[in-house]
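> below are the sequence and a predicted model for it; my questions follow.
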Amino acid sequence: MEPDTFAIALTRFQQAIGADRVNADSDMLDIVTSDCSMLRRRIIATLELSSASDVCEVVRIANEHRISLYPFSTGRNWGYGSKNPVQDCSVLVDLSHMTQIIDFDDETGLVTIEPGVTQRQLDAFLRAHGHPYIVPVTGGGPDCSLVGNALERGYGITPYADHFSAVMSLEAVLPNGEIYRSMMEGLGGVEIDKAFKYGMGPYCDGLFSQGNFGIVTKMTIALAPKPERVEAFFFGVKKSDDLELAVEKVRQVLREVGAVTGSINLMNGHRMLSMSEPYPKDRLGENGMIPDAVLKKLMRRNLFMEWTGVGAIYGNKKVVKAVKGEICKILGPVAKRLVFFTPKKARFLFKLASAIPIFRDSQIVKGLASVNKSMQIFAGEPSEIALPLAYWRSGVMPADGTPMNPDVDGCGLIWYSPLLPMKPSLTRAYVDMVTKICVKHKIEPLITLTSISDRCWDSTIPILFDRQNSEEVARAHACYHELLDTGIALGFIPYRLGIQSMSLPSEKNAVPSFLQVVKKAVDPSNIMAPGRYGL
């Protein structure tokens, strides 16, 4: 890009949205692009937008001067690149100030929001107005964007776990500055367009999910109604050899009572310890990893088994009681210590144990505290319970009352997030692959398997490392790329990619020619997030 071209465009951006909302200061840009994955890109400015009309103006200017734009909602895409674009020399479009809850229908649970609306904000809105619906929470924390998570096809553990499936309609600004609206809305069906996901004619909303065909400025999502009762269940799988049986039984639970159970997680012992114990850096082996003997001892102290299963039941008292009986019957052959908790029961047991001196500093109280916090997620309450994972290796947490932000707090984190069929033999092959490769690169294998359906797992593997240690950084990235390449060879394909591997679909000639034609037609100057998912 010619310097004069950018200078002219910068002046026009300032005229369009105000000079105070255009930032090209190099020190500030360094802060903006700080990233816990060490994937920083070179950007030339950030634009803080507050309305859809701002977006239209900025896109028209960028198109005229062929300036690449990279939009983000709140930019908390930790472990995948955060606010950083795929390619250098882009202008970041900050939508975090677009925080309006445009409309809410209490009868249907349909809420229309702007991209800056967070889990915390929606939760406060629902509580303030007494609306009995569940926030689609994630492990990313209370200040993550609902729109951004849905567009990246994020998911949770509550009902309506697939967050893009809950997207009913959206509006977007196209690369030429025009507004995309659905065919049904164009026919005057504004209300029914929000209630029926697929509208009329070809379904086009999906192009804006993990796409680069426009900037979404408004989205309607369906919220799950808050049930009479939420009851979480936890169980252990004692022997590693029982993993295959556990997969069969989880699949059976989902098939028989999945309509009221949400997602089910299976987590290995390493992953459970990362939520319960400080990283034992003074007890590492010669290879720099936790020795098996230490791992087993810590697991016994925390009453963890080889695998831990977690899920929840949602419904009225009669439904929950009946489903509990079915879950006990199905999981019985594999589950050890199958226990059920309501939020009220979890709070009571935690307070009771905390009040007894002999238990006050015990692992029992710590375990109950973790269960108590987990119940927030199951109940659809935004929580930071999953965020300490990013700090496990360093052990340095923010001061009390300071929001967690792995990017600025020095954490080292890369996510590897493949999909795999919910088949016992393939699940075993996947777990063996991840363990072998992580150990090879001296990365602790923290494995979670989350049911997307009764047919498919999504697995999330946090690759944790010391950002200040160049050798660890190199090992972490090598581990990620070997997991990615080996997994693809075995048929385990990521459901989302970090910016470091966005070129993978094009390198493998996997991008459909249809999408390439559409991209060229809609964005001939290639200004909109160039390089995302190979486009």
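All right, it came through fine.

> so where's the stretch 201-350 of the chain uncertain?
Within the stretch 201-350 of the chain, the stretches with pLDDT under 70 are 349-350.

> any chance you could list what contacts stretch 125-140?
76, 78, 101, 104, 106, 109, 111, 119, 122-123, 144, 146, 149-150, 154-156, 158-160, 163, 166, 221, 223-226, 377, 379-383, 385-387 (C-beta atoms under 8 Å, 6 or more residues apart in numbering). Glycine gets a C-beta too; all of them are placed from N, C-alpha and C.

> which members of the residues you listed are positioned in strands?
Residues of these located in strands (DSSP state E): 101, 104, 111, 221.

> with adjacent residues omitted, what lies nearest to R40?
Leaving aside its chain neighbours, R40 sits nearest to T33 (4.8 Å; criterion: C-beta to C-beta, 6 or more residues apart in numbering).

> burial measure for that neighbour, as a count.
Residues lying near T33 (other C-beta atoms under 10 Å) number 21.

> repeat for A62
Residues near A62, counting by other C-beta under 10 Å, number 24.

> contacts for stretch 387-395?
By C-beta under 8 Å, 6+ apart, the surrounding residues in contact with stretch 387-395 are 36, 78-79, 139-141, 274-275, 278-279, 281, 397, 404, 406, 409-413, 446, 462, 464-466.

> buried residues in it, which are they?
Residues 387, 389-394 are the ones in stretch 387-395 that count as buried (16 or more other C-beta atoms under 10 Å).

> so G285 touches P291, yeah?
Yes: G285 is in contact with P291 according to C-beta atoms under 8 Å; the separation is 4.2 Å.

> now intersect the contacts of stretch 125-140 with the helices, please.
Those of those mapping onto helices are 119, 122-123, 146, 149-150, 377, per DSSP state H.

> those: which two are farthest apart?
A150 and I377 (17.4 Å; C-beta to C-beta).

> higher neighbour count, the two?
Taking neighbours as other C-beta under 10 Å, A150 and I377 compare with A150 leading, 24 against 21.

> residues in contact with V294?
280, 283, 285.

> okay, now the unreliable bits of this structure?
1-3, 349-350, 352-353, 355, 358-362, 364-365.

> the most centrally placed residue in it and Y416, how far apart?
Residue closest to the mean C-alpha point of the chain, counted by C-alpha atoms, centre = their mean, is G154 at 4.9 Å. Distance of G154 to Y416, computed by C-beta to C-beta, to the nearest Å: 16 Å.

> how is the protein carved up into domains?
Domain assignment for the chain, taken from automatic domain parsing, gives 3-95, 101-222, 229-494.

> tell me how far the longest one lies from the chain's centre.
Here the centre of domain 229-494 is set off from its chain's centre by 15 Å, with C-alpha atoms, centre = their mean, to the nearest Å.

> with the shortest one instead?
On the basis of C-alpha atoms, centre = their mean, domain 3-95 sits 23 Å off its chain's mean C-alpha point.

> quick check: I385 touching N372?
No: with contact defined as C-beta under 8 Å, I385 does not count as touching N372 (9.7 Å).

> the helix or strand that contains L420: partners in the sheet, and parallel or antiparallel?
L420 belongs to strand 418-421 when assigned by DSSP states H and E. Using DSSP bridges, the strands paired with strand 418-421 are strand 456-464 (antiparallel), strand 493-494 (antiparallel).

> report the buried residues of it.
418-420.

> got the ones in helices among the contacts of stretch 125-140 as TSV, with distance to H97 columns?
Formatted as TSV, these follow (distance: C-beta to C-beta, whole Å):
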residue	distance to H97
Q119	17
L122	16
D123	19
L146	15
N149	18
A150	19
I377	27
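
> for these, pick the one with the most neighbours.
Neighbour count (other C-beta under 10 Å) singles out L146 as the most crowded of the ones in helices among the contacts of stretch 125-140, with 29 neighbours.

> what about the closest residue to it other than its chain neighbours, neighbour count?
Leaving out its chain neighbours, the residue that sits closest to L146 by C-beta to C-beta, 6+ apart is V117, at 5.7 Å. Neighbour count for V117, taken as other C-beta under 10 Å: 26.

> give me every residue that touches V117.
98-101, 145-147 are the contacts of V117 under C-beta under 8 Å, 6+ apart.

> next, format the domains of the chain as a markdown table and append distance to P524.
Converted to a markdown table, the domains of the chain look like this (distance: least, C-beta to C-beta, whole Å):
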| stretch | distance to P524 |
| --- | --- |
| domain 3-95 | 9 |
| domain 101-222 | 8 |
| domain 229-494 | 29 |
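
> between those domains, which one is closest to M528.
Of all the domains of the chain, domain 101-222 sits nearest to M528, with 4.8 Å by C-beta to C-beta.

> starting at the chain centroid, how far to that closest one?
The answer for domain 101-222 is 16 Å, by C-alpha atoms, centre = their mean.

> does A293 count as helix, strand or coil?
helix (DSSP: H, G, I helix; E, B strand; the rest coil).

> tell me how many other residues crowd it.
10.

> I'd like to know how many residues surround A16.
With other C-beta under 10 Å as criterion, A16 counts 18.

> now do D407
Neighbours of D407 using other C-beta under 10 Å come to 23.

> what's the nearest residue to the residue nearest to the centre of the chain if we skip its chain neighbours?
Closest residue in space to G154, ignoring its immediate chain neighbours: H163 at 5.1 Å, by C-beta to C-beta, 6+ apart.

> over to the one you found: give its phi and psi.
Main-chain torsions, H163, degrees, to the nearest 10: phi -70, psi -30.

> please apply the same query to M184.
Per degrees, to the nearest 10, the backbone of M184 is at phi -70, psi -40.

> the lengthiest helix in the chain: which residues count as buried?
Counting by DSSP H, the longest helix found in the chain is helix 470-489. Going by neighbour count (16+ other C-beta under 10 Å), the buried part of helix 470-489 is 472-473, 475-477, 479-484, 487.

> next one: Q363 from N23, what distance?
Counting by C-beta to C-beta, the gap between Q363 and N23 amounts to 48 Å.

> what's the answer for T33, then?
Separation of T33 from N23 (C-beta to C-beta) stands at 12 Å.
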